[in-house]
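Participant: Kindly generate the corresponding structure for this input.
(4 chains)
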There are 4 protein chains.
Amino acid sequence: MLEELKREVCDVNIALRDKGLAIMTWGNASAIDHERQLVVIKPSGVPYDEMQENDMVVVDLGGNIVEGKWKPSSDTITHLLLYREFGGIGGVVHTHAEWSSSWAQAGRDIPVYGTTHADYFYGEVPCTRPLSEAETAENYELNTGRVIVERFEGTDPLQVPGVLVHAHAPFTWGRNVRQALEGALVLEEIAKMAFRTEVLGNRYSVGRHLLDIHYLRKHGRGAYYGQKKK
Amino acid sequence: MLEELKREVCDVNIALRDKGLAIMTWGNASAIDHERQLVVIKPSGVPYDEMQENDMVVVDLGGNIVEGKWKPSSDTITHLLLYREFGGIGGVVHTHAEWSSSWAQAGRDIPVYGTTHADYFYGEVPCTRPLSEAETAENYELNTGRVIVERFEGTDPLQVPGVLVHAHAPFTWGRNVRQALEGALVLEEIAKMAFRTEVLGNRYSVGRHLLDIHYLRKHGRGAYYGQKKK
Amino acid sequence: MLEELKREVCDVNIALRDKGLAIMTWGNASAIDHERQLVVIKPSGVPYDEMQENDMVVVDLGGNIVEGKWKPSSDTITHLLLYREFGGIGGVVHTHAEWSSSWAQAGRDIPVYGTTHADYFYGEVPCTRPLSEAETAENYELNTGRVIVERFEGTDPLQVPGVLVHAHAPFTWGRNVRQALEGALVLEEIAKMAFRTEVLGNRYSVGRHLLDIHYLRKHGRGAYYGQKKK
Amino acid sequence: MLEELKREVCDVNIALRDKGLAIMTWGNASAIDHERQLVVIKPSGVPYDEMQENDMVVVDLGGNIVEGKWKPSSDTITHLLLYREFGGIGGVVHTHAEWSSSWAQAGRDIPVYGTTHADYFYGEVPCTRPLSEAETAENYELNTGRVIVERFEGTDPLQVPGVLVHAHAPFTWGRNVRQALEGALVLEEIAKMAFRTEVLGNRYSVGRHLLDIHYLRKHGRGAYYGQKKK
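Facilitator: This is a model prediction of the structure:
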């Protein structure tokens, strides 16, 4: 079942390695079939070299395995909470990519230092609060999802398609799993340039007007970047 | 029309990706046919993987499309202003390359810290002033060009073949589009080394005499670097 | 003799170069055959390009050559001490990898700044004390092993599978030589992210609870990461 | 004439690009035939892509072209002075490699922060004093050589086989041109790790005893690293 979605999810998981976002087994991607309310996700701990589309696991939104020969990613419960809470999203990517994770480890939001950022994220990339000892000890993966959702109170997840989990690493998402991958790539580039911007001495983020023009010319109602959507 | 120029512009656009200057669709190159006063430029938002020379767009200096099946790059108006104002240039390249853009985001000129810089740029690489809210809200791309031109008041653009746009990214240019690409590559290398030079503790740029000998032995009247031009 | 172990050790030595952990001849890997108490190790100063499995050297735990046409690695005595003192280990890798070695040169332990670290190392990655002048002048390689062992007083080497030797570089180990290679790769990634985390301003390592959940969900008795071991 | 030396010099010049030490035409290698007192060197400004061994230029120690269809490298006069003054050397390499040049631009010697450095350079890698205005304006390339020689007063160039030219970039050398290339690669790695070591907080170089054991076990009379020389 869901053969096309499995292929897409498998491709994106492998792209995590090919694009330099994940070494070892440090990354996972998933996608949801909105109609059937089923999620296709990477199996846990399977190396990218050996992964094939029929290794993907199908789970329902409660985390029950519907199809698949493997256990799903240990981060599955976090993915599922994001699908339940962030209505419009169709794909989620989690990596330990080097620059984004460094910001996550520093426990810091990434300020909007330039137009590259503004082209994709309509505001700073938020970092979650640390989990408490109790939240860590029990239902850790679920609580990881909860602090993400808590942090997006009042923010549209499709306008800010990613987050840094404190002392951990990034999650990104989008209308589909390819967009979630694109978000992960862009976030890594933003994180790298923001790091260097700070070392060079700037501590001021860009004004609202520059954020607006860049984000909205690509994503707003009157967007004029790229070709007309067919 | 302009088939040879289209091929050259297409090649340089693809080189932006191959040389590590652009990911996604984050870069664009153009060239002018001085005789016909027509500019060949990358289409907007088309991935480098799929780009072919007949995807290039031909526009006049007023921005009207003369030939092409796509909309031109959203930065076209900036390119055109540079061609109108900087007489001798034949090609323009714009990227969000990681090191140059970090300096642009920091809002800083790149000082002349060494001979690698002096070999190509006859003075610091300037950063434009920030655009005002009004300049951003209306005619953004045109105003981007205007602050570049404003910054070059009194500077020969062929002796300083590039600029950092504040909170944005670099533009480079040259007598033709290949030189503009070379400028983008060199600027990236200079930006990287200048960053590290500062971290290591130097805050003094090189003296005029060293700048002169290096720039002029390559580009001056009595240049003795390289082979005799035929 | 030990043909399979020789192939494995040769493969891992070559992987040191292929994975970017070693240039020139700057790295060596070894493995022990627990039953025969023999160690297979890289020959000294032989380039990775030319290395073949029958170039590997077999030594006993006293450092005597049992088989092989070359002298063993100049670090052999350090490897052997680790096998004698750290009971459960089956493979050792030594490199001058760029990020890990920078921490070693700074003489600093790597704090646990995030879950990537906690997934593999159950606590900070320790740095040894400097060798004294006398320890350097005589039995240098043996004393290098001794300060490692001294530093692990009270620490289980299989829970913290690596060390930084002061002003020198890392050693990693594992149940076999492939695990030792994995440790070297992970340590390099951790070292890189910890460096950037500090530059971004964080000086606090993660709490015990987060270290526990991450280390133990992969390595503890109730581990639930990855697939069931067959 | 000197066909074998030409091939070797051409190979090393191309290796400068392949090993990431030079982009554009930013690097040059030469070698001397001690018997005939002739030097083979890269032509000026010829791209690495097109370079072939019969493009190499043969000059005498006074800088006169003995054979070759091109002008020699604009740095030829510096190379020649090194051959005249540093008796035992057989090859010279000059690059603008990114890490070494950053130290040169900062005008700083590279301290001995670890054993990787001590394995190849028997002491800090020195940086020359800045050239005066007069030294720059006239005989620039010759004076560049002179400040190198001045800096090595009291130092054996074969024990410290490289230098940073102030605000410029590194020169390295060795008994032959392959050793000079190896020196350039090692210097780049040392420069990178020293940069990071400083950011991590260390400002103390290693003790004499550690420098001695590492340098001398590879290069001293009783060297025991590598295999016996045949």
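Participant: CA only for contacts and neighbour counts going forward, please
Facilitator: Noted.
Participant: okay, A:Lys228: pLDDT?
Facilitator: You'll see A:Lys228 listed with a pLDDT of 67.
Participant: Now A:Gly62. Nearest residue, chain neighbours left out?
Facilitator: Closest residue in space to A:Gly62, ignoring its immediate chain neighbours: A:Leu80 at 7.6 Å, by C-alpha to C-alpha, 6 or more residues apart in numbering or on different chains.
Participant: need the contact list for A:Ser205.
Facilitator: When contacts are counted by C-alpha atoms under 8 Å, 6 or more residues apart in numbering or on different chains, A:Ser205 touches A:Pro111, A:Val112, A:Tyr113, A:Gly114.
Participant: The same query, at a cut-off of 10 Å, please.
Facilitator: A:Ile110, A:Pro111, A:Val112, A:Tyr113, A:Gly114, A:Gly123, A:Glu124, A:Ala194, A:Leu211, B:Gln105, B:Ala106, B:Ala167 (C-alpha atoms under 10 Å, 6 or more residues apart in numbering or on different chains).
Participant: Sticking with the residue nearest to A:Gly62, tell me its helix or strand.
Facilitator: helix A:76-85 (DSSP states H and E).
Participant: can you pull the buried residues of that helix?
Facilitator: Residues A:Thr76, A:Ile77, A:Thr78, A:His79, A:Leu80, A:Leu81, A:Leu82, A:Tyr83 are the ones in helix A:76-85 that count as buried (16 or more other C-alpha atoms under 10 Å in any protein chain shown).
Participant: what helices or strands is that helix leaning on?
Facilitator: Contacting helix A:76-85 under the criterion 3 or more C-alpha pairs under 10 Å, 6 or more residues apart in numbering or on different chains; DSSP states H and E are the following elements: strand A:27-33, strand A:38-41, strand A:57-60, strand A:91-95, helix A:140-151, strand A:170-174.
Participant: what's the spacing between the last one and its chain's center?
Facilitator: On the basis of C-alpha atoms, centre = their mean, to the nearest Å, strand A:170-174 sits 1 Å off its chain's mean C-alpha point.
Participant: is any part of whichever helix or strand comes after that strand close to chain C?
Facilitator: With elements assigned by DSSP H and E, the helix or strand that comes after strand A:170-174 is helix A:177-199. Yes - against chain C, helix A:177-199 shows contacts by C-alpha under 10 Å from any C-alpha of the partner chain at A:Lys192, A:Ala194, A:Phe195, A:Arg196, A:Glu198, A:Val199.
Participant: between helix A:177-199 and strand A:27-33, how big is the angle?
Facilitator: Put simply, helix A:177-199 runs at 140 degrees to strand A:27-33, going by axes from the mean of the first three to the mean of the last three C-alpha atoms, to 10 degrees.
Participant: do helix A:177-199 and chain D meet at all?
Facilitator: No - judged by C-alpha under 10 Å from any C-alpha, helix A:177-199 and chain D are separated, with a smallest distance of 11.5 Å.
Participant: what's the angle between that helix and strand A:170-174?
Facilitator: Using the same axes, to 10 degrees, helix A:177-199 lies at 130 degrees relative to strand A:170-174.
Participant: Now helix A:177-199: average pLDDT?
Facilitator: Rounded mean pLDDT across helix A:177-199 is 98.
Participant: right, is it up against chain B?
Facilitator: Yes - using C-alpha under 10 Å from any C-alpha, we find that helix A:177-199 touches chain B at A:182, A:185-186, A:189-190, A:192-199.
Participant: of the residues you listed, closest to C:Gly62?
Facilitator: A:Lys192 (48.6 Å; C-alpha to C-alpha).
Participant: OK, contacts around the nearest residue to the closest one once chain neighbours are set aside?
Facilitator: Nearest non-adjacent residue to A:Lys192, counting by C-alpha to C-alpha, 6+ apart: A:Trp99, 5.6 Å away. Shown in contact with A:Trp99 (C-alpha under 10 Å, 6+ apart): A:21, A:105, A:169-170, A:187-195, C:192-193, C:196-197.
Participant: run the last query once more with 6 Å
Facilitator: A:Trp99 is in contact with A:Glu188, A:Ala191, A:Lys192, counting by C-alpha atoms under 6 Å, 6 or more residues apart in numbering or on different chains.
Participant: what's the answer for A:Asp109, then?
Facilitator: By C-alpha under 6 Å, 6+ apart, the neighbours of A:Asp109 are A:Val125, A:Pro126, A:Cys127.
Participant: Kindly recompute the last result at 8 Å.
Facilitator: A:Trp103, A:Glu124, A:Val125, A:Pro126, A:Cys127, A:Leu164.
Participant: Measure how buried the closest residue to A:Leu82 other than its chain neighbours is and give me the count.
Facilitator: Excluding its sequence neighbours, the residue lying closest to A:Leu82 (C-alpha to C-alpha, 6+ apart) is A:Gly145, at 6.5 Å. The number of residues packed near A:Gly145 is 21, by other C-alpha atoms under 10 Å in any protein chain shown.
Participant: Switch the residues of helix A:177-199 next to chain C over to JSON lines; also include neighbour count.
Facilitator: Below are the residues of helix A:177-199 next to chain C laid out as JSON lines (neighbours: other C-alpha atoms under 10 Å in any protein chain shown):
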{"residue": "A:Lys192", "neighbour count": "20"}
{"residue": "A:Ala194", "neighbour count": "29"}
{"residue": "A:Phe195", "neighbour count": "21"}
{"residue": "A:Arg196", "neighbour count": "22"}
{"residue": "A:Glu198", "neighbour count": "18"}
{"residue": "A:Val199", "neighbour count": "19"}
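Participant: So which of those residues is the closest to chain B?
Facilitator: A:Arg196 (5.8 Å; C-alpha to the nearest C-alpha).
Participant: In this structure the closest one contacts B:Ser102, no?
Facilitator: Yes - contact status for A:Arg196 versus B:Ser102: in contact at 5.8 Å, counting by C-alpha atoms under 8 Å.
Participant: who touches the residue in chain A sticking out farthest from the centre in this structure?
Facilitator: Distance from the centre of chain A peaks at A:Gly201, with 28.9 Å (C-alpha atoms, centre = their mean). Counting by C-alpha under 8 Å, 6+ apart, A:Gly201 touches B:Ala106.
Participant: and it, that's in a helix?
Facilitator: No - going by DSSP: H, G, I helix; E, B strand; the rest coil, the assignment for A:Gly201 is coil, not a helix.
Participant: For it, grab phi and psi.
Facilitator: Backbone torsions for A:Gly201, taken as degrees, to the nearest 10, come to phi 110, psi 0.
Participant: and the helix or strand of chain A with the lowest mean pLDDT, what other elements does it pack with?
Facilitator: Across the helices and strands of chain A, mean pLDDT, DSSP states H and E gives its lowest value to helix A:208-219, namely a mean of 87. Here helix A:208-219 touches helix A:115-118, helix B:133-137, going by 3 or more C-alpha pairs under 8 Å, 6 or more residues apart in numbering or on different chains; DSSP states H and E.
Participant: Just say which of the ones you listed is most tucked in.
Facilitator: Across the helices and strands packed on helix A:208-219, the average number of neighbours (mean count of other C-alpha atoms under 10 Å in any protein chain shown) peaks for helix A:115-118, which reaches a mean of 25.
Participant: Could you count how many residues lie near A:Ser132?
Facilitator: 12.
Participant: How about the one 10 residues further on?
Facilitator: For A:Leu142, the count of nearby residues is 19 (other C-alpha under 10 Å).
Participant: Show the pLDDT at it.
Facilitator: 97.
Participant: my read: it touches A:Arg84, true?
Facilitator: No - A:Leu142 sits out of contact with A:Arg84 when judged by C-alpha under 8 Å, with a separation of 11.9 Å.
Participant: what's the closest non-adjacent residue to A:Asn143?
Facilitator: A:Glu135 is the one closest to A:Asn143 (C-alpha to C-alpha, 6+ apart), at 6.1 Å.
Participant: mind checking how far A:Val206 is from chain B?
Facilitator: 7 Å (C-alpha to the nearest C-alpha, to the nearest Å).
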